[in-house]
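Engineer: any chance you can model this:
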Amino acid sequence: MSILVLLAACAPAKDEAGSDVPTLGSTQCLSAIGEQVWIEGQTFTMGADDAYPEEGPAHPVELDGFWMDVHEVTNAQFRAFVDATGYVTVAERQPDPAMMPGAPPDLLKPGSVLFTPPGEGGTLTNWWSYVPGTSWRHPEGPDSDLTGKDHFPVVHIAYEDAAAYAGWKGRSLPTEAQFELAARSGRAGEIYAWGGDDLAPDGVHRANTWQGVFPVLDAGEDGHVGAAPVGCYDANDYGVYDLIGNVWEWTSDWYVPAHNPSDTTNPTGPAEEDSFDRQNAGFPVKVIKGGSFMCAPNYCMRYRPAARHAQDTGLGTGHIGFRTVSVMP
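Structural biologist: Just a heads-up that it's a prediction; the model follows:
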């Protein structure tokens, strides 16, 4: 069962934020828009033993059913939340100097982190820059805006920003297990969500990733350089879009660099005090899933359902977004 509003040819459709839904074949690739689809409860094998070590051990997990957003939360949807509540994101707030002792003045201004390719100010070993004035409203730096990007995934969202939106909707962020189950698309034992071990079966790209040598050149063979509007690639077998690639997505689980194979029924991950960077670096980290447009064969092959990564909860970037889940439609 799904709640899905298909695009009509007779008149412009509206999304839940009241914005026009672009027509099929337009540069805003959205092929359908709606609320959530139902993911049936089931037992599946979570994790993998043949890729990055933090993905193991593979183990059976039993999950109850849940509803999941059909696509990443868009700029239009997040704007509706901000307009209704007056919410101010972490990237738009003045940083607390007490939380950043010794930080240079530029890091004590509201801002967020941007990818800076080599040749544009970055180097082969450091391609991230904190840029004041960057936020969800200015996703590519202070001089950028959201013109034409209503249906792109909202980015520069810290964990608390995503959780605040989810709470406003009466929902939550997905657990890692919920995200992985949905991303696997009902394909047990398959490396990729679309089946098999080929990233682009028959030469057709099924997700927004990086083609070329990262971080030097993204050839854009999948039709996009950088983030894409939601829904530019086929939905998976559950009717969900972009669980692989495009932008990383927050989950509610604290991160440790391995799975707990004894946590097998509706797992919610470790306690905060047990999370990896809380223990080692002093700051909290959550699990992000799905990979992004920056995942390339020569770097970060995390465009697989089993892949996972740690992310500082207080920091958004230009390639992290989110979606929500609920137990009621």
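
Engineer: tell me the spacing between residue 129 and residue 208.
Structural biologist: According to CB to CB, to the nearest Å, residue 129 stands 22 Å off from residue 208. (Glycine included, C-beta is placed from N, CA and C.)

Engineer: so these two - more neighbours on which side?
Structural biologist: Neighbour tally, residue 129 and residue 208, criterion other CB atoms under 10 Å: the higher count belongs to residue 208, 28 against 17.

Engineer: tell me the contacts of that one?
Structural biologist: Contacts for residue 208 (CB atoms under 8 Å, 6 or more residues apart in numbering) come out as 222-224, 227-228, 232-233, 242, 245-246, 292-293.

Engineer: quick check: ChimeraX command selecting the buried ones in those residues.
Structural biologist: Applied in ChimeraX, the following selects the buried portion of the contacts of residue 208 according to 16 or more other CB atoms under 10 Å:
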select :222,224,227,228,232,233,242,245,246,292,293
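
Engineer: residue 303: which of the contacts of residue 208 is nearest?
Structural biologist: residue 245 (5.2 Å; CB to CB).

Engineer: so who does the closest one touch?
Structural biologist: 207-209, 233, 290-293, 295, 303.

Engineer: nearest to residue 172 among the residues you listed?
Structural biologist: Closest to residue 172, out of all of these and judged by CB to CB, is residue 290, at 17.1 Å.

Engineer: how is the spatially most central residue of the chain assigned, secondary-structure-wise?
Structural biologist: Centroid-nearest residue in the chain: residue 249, 2.2 Å away (criterion: CA atoms, centre = their mean). Assigned with DSSP: H, G, I helix; E, B strand; the rest coil, residue 249 falls in the strand class.

Engineer: what score does it have for pLDDT?
Structural biologist: Predicted confidence (pLDDT) at residue 249: the value is 98.

Engineer: I'd like the distance between it and residue 231.
Structural biologist: Relative to residue 231, and taking CB to CB, residue 249 is found at 15 Å.

Engineer: low-confidence ranges in this structure?
Structural biologist: By pLDDT under 70, the low-scoring segments of the chain are 1-28, 30-34, 99-101, 119-125.

Engineer: mind doing that once more with 80?
Structural biologist: Residues of the chain that meet the criterion pLDDT under 80 lie in 1-34, 98-103, 105-107, 117-126, 189, 279-282, 329.

Engineer: coming back round to it: farthest pair within the contacts of residue 208?
Structural biologist: 223 and 292 (15.5 Å).

Engineer: what about residue 316, how many neighbours?
Structural biologist: Using other CB under 10 Å: residue 316 sits among 29 other residues.

Engineer: report the contact partners of it.
Structural biologist: Counting by CB under 8 Å, 6+ apart, residue 316 makes contact with 89-91, 112-113, 136, 155-158, 161.
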